[in-house]
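Asker: Fold the following and give me the result.
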Amino acid sequence: MTALYSDTHPKMEALQIQLWRQASPTRKMNMLAQLNSSARMLALAGLRMQYPQAGEAELRRKLAGLLLGEELARKAYGETSHAK
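Answerer: Down below sits the predicted model:
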């Protein structure tokens, strides 16, 4: 088996994989929800840095554009305040 992470000891990686396999479906879904939440928080932080003058509503709309694609986000939420 090829290593997933070059900076992780193979025994620790094997243990991590074993724990993932043993996790209940509920636990796996909770881990996925936490990863999704973290990704959204990081994306919003990046948008805040890129658009420091934007309000929360505009940032949420820009996030929708990233997550849904601009065409679907426009249909669901309308144009952005500062369309490019």
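
Asker: Is residue 45 within a helix or a strand, and which one?
Answerer: helix 25-50 (DSSP states H and E).

Asker: what comes up buried for that helix?
Answerer: Across helix 25-50, burial judged by 16 or more other CB atoms under 10 Å covers 44, 47. C-betas here are computed from N, CA, C, even on glycine.

Asker: again with stretch 61-69
Answerer: Quick answer for stretch 61-69 (16+ other CB under 10 Å): 61, 62, 63, 64, 65.

Asker: quick one: contacts for the first one?
Answerer: If I follow you right, that is residue 61. Shown in contact with residue 61 (CB atoms under 8 Å, 6 or more residues apart in numbering): 73, 77, 78, 80, 81.

Asker: Could you report the pLDDT at the second one?
Answerer: Going back to what we said before, that points to residue 77. pLDDT recorded at residue 77 is 90.

Asker: hang on, the earlier thing: considering the contacts of residue 61, which possesses the most neighbours?
Answerer: residue 73 (19 neighbours; other CB atoms under 10 Å).

Asker: Quick one: list the elements packing against the helix or strand encompassing it.
Answerer: Per DSSP H and E: residue 73 is located in helix 70-77. For helix 70-77, the packing partners by 3 or more CB pairs under 8 Å, 6 or more residues apart in numbering; DSSP states H and E come out as helix 56-68.
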